[in-house]
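Asks: Could you look at this predicted model? Sequence included:
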Amino acid sequence: MGIQIAPSILNADFANLAAEAAAVSNADWLHVDVMDNHFVPNLTLGLPVVESLAKAVAQPIDCHLMIEDPDRWAPGYVEAGAASVTFHAEACRAPIRTAREIRAKGARAAMALKPASPIEPYEDILAELDMILIMTVEPGFGGQKFLDVCLPKIRRTRELISKHGLDIWIQIDGGVSTETIERCADAGADVFVAGSAVYKADDPNLMVDQLRTLAAGASKLDEGVR
Ligand code: DX5
Ligand code: ZN
């Protein structure tokens, strides 16, 4: 698939979401952060907004569920129109069942890990997933500083995926910018969420292109690492 960029609308103008999505027409995905004020200390939006957005925007919707009980809610986000649904490992009680339900309804299934959560306990269920989201900030807010401490986990995750001969994307979310994206791509990531970097840029579309070019230059995935 190559390098993909998913701008996060958490940092966009919530009163003008359709226009904000149109401002990143070059983007591969629109990243939508669902927060419930329980799993994370912030509250954003839910099913009705995702359903409206999916009809109003051109890009596929990438839903990042930062909520308790994703087992119950994740399939509904596929029905609402999301093309990829990510649940957090720390909140999910039955990741295999939930991933299978997401896939059965026709979306890509992804699992997210907070900065301190290891990938190793999930080695045997990797094949159930289409993407691993490695958080590089504590989830909950945009505009936080990138945590370099997460880089070794990106590398180890790519090694595990390669070891099992799987085709699984690695998404990075948190503090991704022109300063940090190359380190992540070099470590084996291929899908990048960027909120403040994109929406604070004078030209969001140009920033999407710049991020993609930087990541592609630093990525080793075409050299057969994957
Ligand atoms: C944070 C969210 C991110 C956030 C990223 O918990 O999951 O998607 O929007 O924002 P930046 O890119 O500003 O760190
Ligand atoms: Zn996110």
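Replies: Great, that's in hand. Ligands and ions are numbered 1, 2, ... in the order given.
Asks: quick one, what contacts the closest residue to ligand 1 within the chain?
Replies: Scanning the chain for the residue nearest ligand 1 gives Gly195, at 2.8 Å (criterion: CB to the nearest ligand atom). In short, each C-beta sits where N, CA and C put it, glycine included. By CB atoms under 8 Å, 6 or more residues apart in numbering, the contact list for Gly195 reads Pro7, Ser8, Ile9, Leu10, Asn11, His31, Gly142, Gly143.
Asks: can you do 10 Å?
Replies: For Gly195, the contacting residues are 6-12, 31, 33, 141-144, 173-177, by CB atoms under 10 Å, 6 or more residues apart in numbering.
Asks: same check, this time on Leu113
Replies: By CB under 10 Å, 6+ apart, the residues touching Leu113 are 88-90, 119, 121-122, 132-135, 150, 153, 157.
Asks: Mind listing the residues bridging to it?
Replies: Ile134 (DSSP bridges).
Asks: quick one: it and ligand 2, what's the gap?
Replies: 12 Å (CB to the ion, to the nearest Å).
Asks: Looks like Ser52 contacts Ala21 (just checking).
Replies: No. Look at Ser52 against Ala21 with CB atoms under 10 Å: they stay out of range, at 11.4 Å.
Asks: follow-up on the earlier one: which among the contacts of Leu113 count as buried?
Replies: His88, Ala89, Ile119, Tyr122, Ile132, Leu133, Ile134, Met135, Cys150, Lys153, Thr157 (16 or more other CB atoms under 10 Å).
Asks: Narrow the residues you listed to those in helices?
Replies: Under the assignment DSSP state H, the buried ones among the contacts of Leu113 contribute Lys153, Thr157 to helices.
Asks: Closest one of the buried ones among the contacts of Leu113 to Thr44?
Replies: His88 (14.6 Å; CB to CB).
Asks: I'd assumed Glu138 was in contact with the closest one.
Replies: No. Assessed by CB under 10 Å, His88 is found out of contact with Glu138, at 11.9 Å.
Asks: any residues in contact with both of those two?
Replies: In contact with both His88 and Glu138: Val40, Lys114, using CB under 10 Å, 6+ apart.
Asks: Between the two ends of stretch 111-118, how far is it?
Replies: Length of stretch 111-118, first residue to last, CA to CA, to the nearest Å: 12 Å.
Asks: Can you see whether that stretch contacts ligand 1, counting any residue in it?
Replies: No. Stretch 111-118 lies out of reach of ligand 1 by CB under 6 Å from any ligand atom, never closer than 8.4 Å.
Asks: likewise stretch 132-148?
Replies: Yes. Judged by CB under 6 Å from any ligand atom, stretch 132-148 and ligand 1 are in contact via Val137, Pro139, Gly140, Phe141, Gly142, Gly143, Gln144.
Asks: Report the two members of those residues separated by the largest distance.
Replies: Most distant of these, by CB to CB, are Pro139 and Gly143, 12.9 Å apart.
Asks: Which one's more surrounded, the two?
Replies: Neighbour count, other CB atoms under 10 Å: between Pro139 and Gly143, Pro139 has more, with 22 against 14.
Asks: can you pull out the helices in this protein?
Replies: 17-22, 47-56, 70-79, 95-104, 151-163, 181-187, 196-199, 204-218.
Asks: tell me the angle the third one makes with helix 47-56.
Replies: Computed by axes from the mean of the first three to the mean of the last three CA atoms, to 10 degrees, the angle separating helix 70-79 from helix 47-56 equals 30 degrees.
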